[in-house]
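1. next input, structure requested:
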Amino acid sequence: YKVNENRFFKDRHYLDKEWNCLRDAKLKIIEVGCGVGNTILPLLEVNPTAQIWGCDFSENAISILQTSEGYDKSRCTSFVNDITKDALLEHVEAASMDLCLMIFVLSAISPEKMLNSLTNVATIMKKGGKVLFRDYGLYDMAQLKMAEPKGHKIQDNFYVRKDGTRAYYFSEEVLENLFKDAGFK
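-> Numbering: from 1, shown residues only. Below you'll find the predicted structure:
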């Protein structure tokens, strides 16, 4: 974020069309791994009654988000948090969130820390709350390309990119087990 600031990812103006529930009235939504707000800022526009929280492990990303033009302090709270080790309960009330967005977040986390991360998220979700999840799937074209050059594979289905970021490619079974073990139904 030091180099690209808020230009690394494009704003996600399509999510409310993919997940209609994002338009429901008076939702409490958290985005884990919110970056500079490419999801949060469009959601503030399309859902004027939602209260939105966002966290990211990057102080730079949170600083950029908090100074963004569309950031509304009366409806949005953002904070630095490493979900692999920092309790979300330090910033968010237990069992208070209707929705949690996790978009290309879990894949960047080391497999041995994924369960703890999801358990952390489970502590803040209301009964019946939903995690809206999008990430890499097993045998995705990106995985097949990464598998070709030597030196990119860290372990099965877990790779490091040239820029140092990491990506895990999930099977449905692995995801189902992770979420179940973290307490989700």
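
2. any idea how far the longest helix belonging to the chain is from the chain center?
-> Counting by DSSP state H, the longest helix found in the chain is helix 111-122. When C-alpha coordinates are averaged (Cα atoms, centre = their mean, to the nearest Å), helix 111-122 and its chain have centres 12 Å apart.

3. kindly report the same for stretch 142-153.
-> 24 Å.

4. buried ones in that stretch, by neighbour count?
-> 143, 146, 152 (16 or more other Cβ atoms under 10 Å). C-betas here are computed from N, CA, C, even on glycine.

5. same check, this time on stretch 85-101
-> 88, 91, 92, 96, 97, 98, 99, 100, 101.

6. excluding chain neighbours, what is closest to the last one?
-> In space, residue 101 comes closest to residue 31 once its chain neighbours are excluded; the distance is 4.2 Å by Cβ to Cβ, 6 or more residues apart in numbering.

7. domains in the protein, by residue range?
-> Under the assignment automatic domain parsing, the domains of the chain span 15-135+172-181, 136-169.

8. please, where are all the strands along the protein?
-> Remark: strands assigned in the chain by DSSP state E are 28-32, 51-56, 76-80, 97-103, 125-134, 153-155, 158-160, 166-168.

9. sorry, back to before: including pLDDT, could the buried residues of stretch 142-153 go into JSON lines?
-> Formatted as JSON lines, these follow (pLDDT from 0 to 100):
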{"residue": "143", "pLDDT": "84"}
{"residue": "146", "pLDDT": "78"}
{"residue": "152", "pLDDT": "85"}
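
10. spatially central, which residue of the chain would that be?
-> residue 102 (3.0 Å; Cα atoms, centre = their mean).

11. separation between the residue of the chain most remote from its centre and residue 159?
-> Computed with Cα atoms, centre = their mean, the residue of the chain farthest from its C-alpha average is residue 150, at 29.0 Å. Computed as Cβ to Cβ, to the nearest Å, the residue 150 to residue 159 distance reads 12 Å.

12. one more: residue 56?
-> 22 Å.

13. same question, residue 80
-> From residue 80 to residue 159 the distance is 26 Å (Cβ to Cβ).

14. comparing these two, which residue is more hemmed in?
-> Neighbour comparison, residue 80 and residue 159: the larger count goes to residue 159, with 22 against 15 (by other Cβ atoms under 10 Å).

15. hey, what's the more buried one bridged with?
-> On the basis of DSSP bridges, residue 159 is bridged to residue 153, residue 167.

16. residue contacts, it?
-> For residue 159, the contact set (Cβ atoms under 8 Å, 6 or more residues apart in numbering) comprises 143, 146, 147, 152, 153, 166, 167, 168, 169.
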